[in-house]
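*Asks:* prediction below, plus the sequence it came from.
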Amino acid sequence: MSLSADLSGRGISIQDEFLSAAQVTELVECLETRRARGDFAAARIGSGESLQRREDIRGDCICWLSPPLLSAEARLLDSFEQLRLQLNRDAFLGLFELELHYAAYPPDAGYARHVDQPRGKTRRKVSLVLYLNRDWAAEAGGELRIFGDDDRSIDVQPFAGRLVCFLSAGREHCVLPARRERLSVTGWFGTRD
């Protein structure tokens, strides 16, 4: 099944080898360059004046992908632009915007059960997680747990090059702690305000 058909049918799509091993390596090098420059910050929860760091809820550090982009990041954005056009053409989602950031979870850190659409906001339509974890073993943990309407869940291993997309509205999910650092590019396709 195609990504568009998966989203239209199940609301979730898992695409292995969205990126090649060489592309994953290039993006990990970009991530490390940004980390060495001090571009990463501890992730926070909430919004506005209630924004706060709560490691018991969310333990990752993030770096927004914003200009100037490194060449591998620019190529990634081109790939996501093609995906956005495909989703609009095949699933009529009306997607215009893309927000992306690197997420680095240290060992034993996770992200508690949550939804990607902040309360009262509807701009985020499709959530994206692209994994950058080379040589990942299943026993390392770090799965993305996605809950269904019946509270049953599926666990997705964070293997390098794997892209997970799901419809953002009301879709609860969490990141389970891992035994080693867990890396991804995470973001959302959205509509205009």
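*Replies:* Good, I have the coordinates.
*Asks:* distance of residue 148 relative to residue 3?
*Replies:* Noted for residue 148: a distance of 19 Å to residue 3, by CB to CB, to the nearest Å. All C-beta atoms are positioned from the backbone trio N, CA, C, and that covers glycine.
*Asks:* what about the longest helix in this protein?
*Replies:* Longest helix in the chain by number of residues, with DSSP state H as the criterion: helix 71-91.
*Asks:* quick one: residues in contact with the next helix or strand after that helix.
*Replies:* Downstream of helix 71-91, the next assigned helix or strand under DSSP states H and E is strand 97-105. Contact with strand 97-105 is made by 31, 34-35, 40, 43, 59-65, 76-77, 80-81, 84, 111, 123-124, 128, 142, 175, 177-178, 181-192, as judged by CB atoms under 8 Å, 6 or more residues apart in numbering.
*Asks:* strand 97-105 pairs with which strands?
*Replies:* strand 61-64 (antiparallel), strand 182-190 (antiparallel) (DSSP bridges).
*Asks:* run the chain-centre distance for the first one.
*Replies:* With CA atoms, centre = their mean, to the nearest Å as the basis, the distance from the averaged C-alpha position of strand 61-64 to the chain average is 11 Å.
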